[in-house]
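# need a structure here:
(chains A and B)
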There are 2 protein chains.
Amino acid sequence: MRRPAALSLILCASLLPAQTPVAPLTGFTTEGATREYSLEQKFDASLNRRNLDEWLKEFSAKPHHLGSPAGKVIAEKIASMLKSWGYETEIETFYPLFPTPKTRLLEMISPEHFTAKLSEPAVEGDRTSGHVEGGLPTYNAYSIDGDVTGQLVYVNYGVPADYEKLAEMGVDIKGKIVIARYMGSWRGIKPKVAAEHGAIGCIIYSDPRDDGYYQGDIYPKGGYRPPDSAQRGSVSDMPTYPGDPLTPGVGATKDAPRPAYDPASLKANKSITLTRIPVLPISYGDAEPLLRNLGGPVAPPNWRGSLPITYHVGPGTATVHLKLEFDWKLTPAYDVIARLRGSERPDEWILRGNHHDGWVFGAMDPLSGTVTTLEEARGLAELVKQGWRPKRTLVYCIWDGEEPMLLGSTEWAEQHEAELRQHGAVYINTDATGRGFLDVGGSHTLQQFVLQSARDVADPVHKISVLGRREAAESAEAGKKADFELEALGSGSDFTPFLQHVGVATLNFGFGGEEQYGVYHSNYDSYDHYVRFEDPDLVYCLTNVQFGGRLMLRLANADVLPFKFDALSKTIAGYASEVKKLTDDMRRQTEFKNQMIEDGSLKAAADAREPFVVPEAKAPVPFLNFAPLENAVAKLQASADGFSKVDPLKLDDAHAAAFDAILMHAERALLLDDGLPRRPWYRHMLYAPGFYTGYGVKTLPGIREAIEQRNWSEAETQIGHVATALNQLSNEIDRATAAAK
Amino acid sequence: MRRPAALSLILCASLLPAQTPVAPLTGFTTEGATREYSLEQKFDASLNRRNLDEWLKEFSAKPHHLGSPAGKVIAEKIASMLKSWGYETEIETFYPLFPTPKTRLLEMISPEHFTAKLSEPAVEGDRTSGHVEGGLPTYNAYSIDGDVTGQLVYVNYGVPADYEKLAEMGVDIKGKIVIARYMGSWRGIKPKVAAEHGAIGCIIYSDPRDDGYYQGDIYPKGGYRPPDSAQRGSVSDMPTYPGDPLTPGVGATKDAPRPAYDPASLKANKSITLTRIPVLPISYGDAEPLLRNLGGPVAPPNWRGSLPITYHVGPGTATVHLKLEFDWKLTPAYDVIARLRGSERPDEWILRGNHHDGWVFGAMDPLSGTVTTLEEARGLAELVKQGWRPKRTLVYCIWDGEEPMLLGSTEWAEQHEAELRQHGAVYINTDATGRGFLDVGGSHTLQQFVLQSARDVADPVHKISVLGRREAAESAEAGKKADFELEALGSGSDFTPFLQHVGVATLNFGFGGEEQYGVYHSNYDSYDHYVRFEDPDLVYCLTNVQFGGRLMLRLANADVLPFKFDALSKTIAGYASEVKKLTDDMRRQTEFKNQMIEDGSLKAAADAREPFVVPEAKAPVPFLNFAPLENAVAKLQASADGFSKVDPLKLDDAHAAAFDAILMHAERALLLDDGLPRRPWYRHMLYAPGFYTGYGVKTLPGIREAIEQRNWSEAETQIGHVATALNQLSNEIDRATAAAK
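A predicted model of the protein is given here:
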């Protein structure tokens, strides 16, 4: 019987006896790899799960959002820990704009009166949930102030396709207040698209289907979201630029120039990233009376959630009043920056970040990641005590203000952009982490490197490699052998400024998929919840430390930086095929739909008893000139092939350092100074958060979004830009190949 | 710009002025077609929507199930109507076994006590819902008697794949009472599969996701199922044989030999089609307390419905007690049979059927179909009064006892099998009908014939042909031009004995897709509901009459029977490809899954905190010899090609009659005397209800189900059987071709 390719279940260095012949490590000679494996065993031996538990409990004891007293205490505690372990540590402070709520009122005034609770009560067995003094209530940061009354309309996830559907149903959004459910896009997209369609206010709620009892038992019986819990979170226009709304592109230092930020000035200033309409998140307990009273058409099947009602779209008798006022203040953000200087190539920086601020207690988000990052830093410091020194400089960055909008990381990266462009080799990010499977994305130049680390770390429960476990799950899901691939990164955590603004090769990872994490950005994201439902015994947290530690140690010690270009060129070739196919599919679909509009059959297919507005025919989709992209992809493949044939490990130290210097800057070649259309802050030509998805990545974003928006001339311009970036990269690869000879 | 093929929106004879050149009609000369179109215009002119309204209201005024006084009155009324219009009419009576409930008790005895209501209260504005005296309560016919107590387990739709999933979750069904939701299979499959897995009782409920508020507003605000409504229905083993459980294969006449049918004998008799365990249908109002108290694993995502709970699988603390006793009686079924004798070929019968019994008031099911069939018969009788005579004999059959198990139709077809084999040309069936799109299935020899009738009847709202409207909807759904295809028939209405037992070419049609029909088999399937939510103004009912009338008139009048074999041979070739691909897919999937079982990766992919039992590896899937099937398909295509080249319209009357006689018997060539494995009653080699789907058709059932059940030697035997049947048909086609020369 033919056997499918075997899964990667066996080879896992951390499960093998020490004397087993080592698997190859990119960037290392065989001897170097042997030394490296030995060092990693020492690293593992130094780790202590009790540290994780102790720090997680301590840091999650009080609300520790940006600007809170506890947040400052935590930053200082982390700085003192890192200092005590031997890191050159400082706290660098920025002053971004950060609004906190003064007034939050949501009431239904017709057909009956109902005032939303907007509060999360204490839960039995959750010790911190009864002690929320000083914590932030449920709100969306960077909503503008507002006091609006209007008919309510349900807009599903509130993404552009939902508004196309509403138009077909004959529902006009102008002057209405919309209610959107969470998920389906990053939350900040919802008020942005609502405002584009003329809405005057936006409510976002967590439907139990996506985030509540449909998923599993609710807290405290299970881990899922209870009826009164709402999801806090930022709604600024992240896809235009993250960080402080007042200081795009420059560090928000005390004296940075910034526009006026009184409420009236903020409302008038259309060039910054605040929402255009007031926005408030609510619980499904608060949403049910509103949704139950909507009139109008029944919502399409894929719009319906799990409340025990018939979902209608509205408008109807349901009229609501939303009033929001915020305290708009510059608020100090405390970034803890800790360095371990490289012994041989100190000017090559390996950066490692995780934020420390939470929305309330933030045990899962971010502290699970914070404490694993700290234990990783401590483990490396232990090796230093045993005589080890990293070849390259390691920089640990424990960010503040990630929750409001990647503030600490963005302001720091903007402030230090020149240094980062010169010294930044790799930035590795983590955030919340739980039980389950390795989840890892980033620059495809690092795919092989990441695969090797995943191969060499054991799953704590299943005793196979985390690579094998992930491939097993993906294979089981796909019904055929699934090979490891690095995901492309969109946004939503602190990697964004490094990858997409400065062009430092980036990774972002964590473990997950087996939690009952129904308390995202709520009062209940607590220590008690974490150790019941996210990672009891913190065994996956420890695995996270082992994995992160390997990434850091290998990058610190490798003879040459472990960048490879085969996976990158293959991945980009795939993206190029996708955008071409997207155009072809749109052409065929447009032609067919126009035909159905013109001959009346679209109207004929619809139920005459339901409102249906036949959409306008769209202009035909032209054939685009993809040749510059295709030629650049071919050139990149040739360069990657050439690179794969040379052996830089034969170089002497000086030449290896010169080779490294080229590789370290390679990711920068994928940036263009002008950035993406209408959002120049985003400069990377391969990866960006989608303008209408938020967290979700758009690869080849300039091309793909121009096509999606049917802006054909821009699509051709962007094809040229991507080709330019790819050619820049090919030239750098060729330079590296020459330097390795 | 290239234009996709235009949709069939324009040509619609009933919308065109009379003098427009006529579209060709299969089986007619041009002159014959002209006469035919003219006749059809007279037919349309004679129709009267008020008749439909009057009869619908009258027949739905009282509960009229099999054995009810009102049922007998309706049969007699229908007989007198048909007689008064000039049909030779008789009532033919059979005596099938029919159980009605004496005891219905469902209670939860742990963790709290709850007694299911099992009743449907009166609804405001629904005039009959408060007058259910003499009506049948909610129950499943042909459940055996039983008194069982056990832990409850939720089994989703209760189909075999669901039990595989339960086994993976480590849930044992033995000794348990299962609760399954309606839909996903015909209801009788659920207790059958449950009993196969060792369950001792079965509850079936209507989840609001499939049949309730998730779909739309509930009755009386909208048309969807209210919380206390339950779906009655038969649960006998229809896929083994329909009709009277006591008299398979022979008419249940008064004196037919039959086994004992006291409760004890019924329980002991394993060769008849009663369930093996007691079964009761309940409402979602009654189901919610039961489901809320289930323990065990959380149900997989696609098992979860729309109740406001976390769906668990069980077992847990929920223990229920189910007690059912029935009154087992032979009950007279009154079939109304009405003939209009053919003038030229009286020995060729065109049969037309619809049942008259309902579960309660049965306005939609079956009376919407009953009254349209009667108006159609009346319209033809009007033409007779104007001098027209059908060439062939028309037989209108208004069946009794369809709801319990196609009793009236099956017993009649069994009783008259010999005549039907000799004279049966076509059987046309209808049942419930509503607003929307033409839904039509049957023998693919009639595909072109049906397409022409659909082309020539106008949608009453959209003023395009019902063909064009259907193609528009299917095209809009598919995103590309969808051509009309006849569906293959499974079971669930009175066509089954004619097509699958006797081999009469069959059609089944109705209109639907735009109703709010949430009252199926409940007290609320009333006149008031029908005219608010199913077909207000009965305009689609009238269209149904126009369509059915055309089918009957054309079959009555055609110079030669309008059978064609191109669509049939193309369709069978498609089925042959499907079963081959099914085997190949199963081979690949089995191999891959076995590999994942053996190397541990299936276990590794699972969450260690959830129960997961790794399934046994399955034997590899061999390569089957499909050659006999492929050769038979090739031969059939050649025969169909040959047939399409001759012109039978040139034959004189005697030769045309001889040609007809061959065609009339062609469908019989697709039957084999031995029938399908383990269910010899089903003899058709192309179409059968699935053994584990019920209503859902299995095409090439012998082959397909053997493959699905991994019975490889049976699959090869069945390939041979299907080839034999196809070769029989090819020979008949060749005979017809020769006869037309």
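# From now on I want contacts and neighbour counts done on CA atoms only, so please keep to that.
OK.
# contacting residues for residue A:449?
A:25, A:26, A:562, A:563 (Cα atoms under 8 Å, 6 or more residues apart in numbering or on different chains).
# What does the closest residue in space to residue A:691 that isn't next to it in sequence show for phi and psi?
Leaving aside its chain neighbours, residue A:691 sits nearest to residue A:239 (5.2 Å; criterion: Cα to Cα, 6 or more residues apart in numbering or on different chains). Dihedral pair for residue A:239: phi -70, psi -10, per degrees, to the nearest 10.
# Contact partners for residue A:239?
Contacts of residue A:239 by Cα under 8 Å, 6+ apart are A:679, A:688, A:689, A:690, A:691, A:692, A:694.
# what would those look like in a markdown table with secondary structure and distance to residue B:213?
Below are those laid out as a markdown table (DSSP: H, G, I helix; E, B strand; the rest coil; distance: Cα to Cα, whole Å):
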| residue | secondary structure | distance to residue B:213 |
| --- | --- | --- |
| A:679 | strand | 44 |
| A:688 | strand | 41 |
| A:689 | strand | 37 |
| A:690 | coil | 35 |
| A:691 | coil | 36 |
| A:692 | coil | 32 |
| A:694 | coil | 33 |
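# for the residues you listed, which one is nearest residue B:340?
residue A:692 (67.0 Å; Cα to Cα).
# contacting residues for the closest one?
Contacts of residue A:692 (Cα under 8 Å, 6+ apart): A:159, A:160, A:185, A:189, A:239.
# Let's see if you can find the most crowded of those residues.
Neighbour counts for these (other Cα atoms under 10 Å in any protein chain shown) peak at residue A:189, which has 27 neighbours.
# could you check the distance from that residue over to chain B?
The gap separating residue A:189 from chain B is 27 Å, by Cα to the nearest Cα, to the nearest Å.
# For that residue, list the residues it contacts.
With the criterion set at Cα under 8 Å, 6+ apart, residue A:189 makes contact with A:158, A:159, A:235, A:237, A:692, A:693, A:694.
# Using pLDDT, spot the least trustworthy of those.
The pLDDT minimum for the contacts of residue A:189 sits at residue A:694, where the score is 84.
# My understanding was that it contacts residue A:238; is that so?
Yes: look at residue A:694 against residue A:238 with Cα atoms under 8 Å: they come within range, at 7.0 Å.
# just the helices in the stretch 501-650 of chain A please.
Listed in chain order, the helices of the stretch 501-650 of chain A (DSSP state H, counting those that start in this stretch) span A:527-529, A:539-557, A:566-598, A:601-605, A:627-644.
# Now for the closest residue to chain B within the stretch 51-200 of chain A, how many residues are close by?
Closest approach of the stretch 51-200 of chain A to chain B (Cα to the nearest Cα) occurs at residue A:168, with a separation of 13.9 Å. Each residue near residue A:168 was counted by other Cα under 10 Å, and the total is 15.
# related to what we said a few turns ago, just the buried members of the contacts of residue A:189?
Applying 16 or more other Cα atoms under 10 Å in any protein chain shown to these, the neighbour count classes A:158, A:159, A:235, A:237, A:692, A:693, A:694 as buried.
# Narrow those residues to those in helices?
The members of these all map outside helices under DSSP state H.
# Which one of those residues is nearest to chain B?
When the buried ones among the contacts of residue A:189 are compared against chain B (criterion: Cα to the nearest Cα), the nearest one is residue A:158, at 20.3 Å.
# hang on, isn't the closest one packed against residue A:173?
No: when contacts are counted by Cα under 8 Å, residue A:158 is not listed as touching residue A:173 (11.5 Å).
# Between those two, which contacts overlap?
Joint contacts of residue A:158 and residue A:173 (Cα under 8 Å, 6+ apart) are residue A:194.
# Much appreciated, bye for now.
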